[in-house]
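**Q** Predicted model follows, preceded by the sequence.
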Amino acid sequence: MRFQVVPAAYVFPRRTVDGVEQVLLQLRQGTGYMDGHWAAAAAGHVEAGESVFDAAVREATEELGVRIDPADLAPLCAMHRTSAPHGPVDERVDFFFECRRWTGEPRTVEADKSVALRWFDLDALPEPVVPHERQVLDALVGGAVPSVLVHGFPGAPGG
């Protein structure tokens, strides 16, 4: 059997208020994964036959109630990550986007999975943030997001 990875799309809505860069994050609850952690405002698995851009647009609609034109998604990076016990569900390739334009007001649509939705100054992020997402946000704060990141691989750059 060939090695397989699970693809996912992440959307970080961004805005500038009085010259301060902000990012919209959600507080996870009831998902069974990283509950109690702040995370991308919209994220989820890419479905069969769906492009990563389509997945990002779909997740933003499902989780935030907003419409995003795929042309307004700015790719930040891809991340290859792993975690124990290294089964098929633990091997991931994540695609991160930022977005500065959308239609509608972001709101919590899936109240069973998110208990809060809040804008944070990019240089004053909350704790805790899902660790692999924090890696991307920290790079964004630093002003240089590598096109490819890794997470969970011992000895790898950023691993």
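**A** Sure, I can see it. Numbers count the residues shown, from 1 in each chain.
**Q** Figure out the helix or strand that E63 lives in.
**A** In the assignment (DSSP states H and E), E63 maps to helix 52-64.
**Q** Give the buried residues for that helix.
**A** Judged by neighbour count using 16 or more other CB atoms under 10 Å, the buried positions of helix 52-64 are 52-53, 55-61, 63-64. Quick note: C-beta positions are derived from backbone N, CA and C, even for glycine.
**Q** Tell me how far that helix lies from the chain's centre.
**A** Using CA atoms, centre = their mean, to the nearest Å, the distance from the centre of helix 52-64 to the centre of the chain it belongs to is 11 Å.
**Q** What are the contacting residues of it?
**A** Contact with helix 52-64 is made by 7-11, 13, 24, 26, 41-47, 50, 66-70, 73, 95, 97, 99, 102, 104, 106-110, 113-114, 117, as judged by CB atoms under 8 Å, 6 or more residues apart in numbering.
**Q** What segments of this structure are strands?
**A** Using DSSP state E, the strands of the chain run over residues 6-17, 20-28, 38-40, 42-45, 73-81, 92-99, 114-121, 148-151.
**Q** and the ones you listed, which is most packed in?
**A** For the strands of the chain, the largest average neighbour count (mean count of other CB atoms under 10 Å) is found in strand 38-40, namely a mean of 25.
**Q** Quick check: which helices or strands does it pack against?
**A** Strand 38-40 is packed against strand 6-17, strand 20-28, with contacts defined by 3 or more CB pairs under 8 Å, 6 or more residues apart in numbering; DSSP states H and E.
**Q** Check the separation of the first and last residues in stretch 26-46.
**A** Distance across stretch 26-46, first residue to last, is 19 Å (CA to CA, to the nearest Å).
**Q** OK, contacts around L76?
**A** Residues in contact with L76 (CB under 8 Å, 6+ apart) are 12, 96-98, 136, 140, 145.
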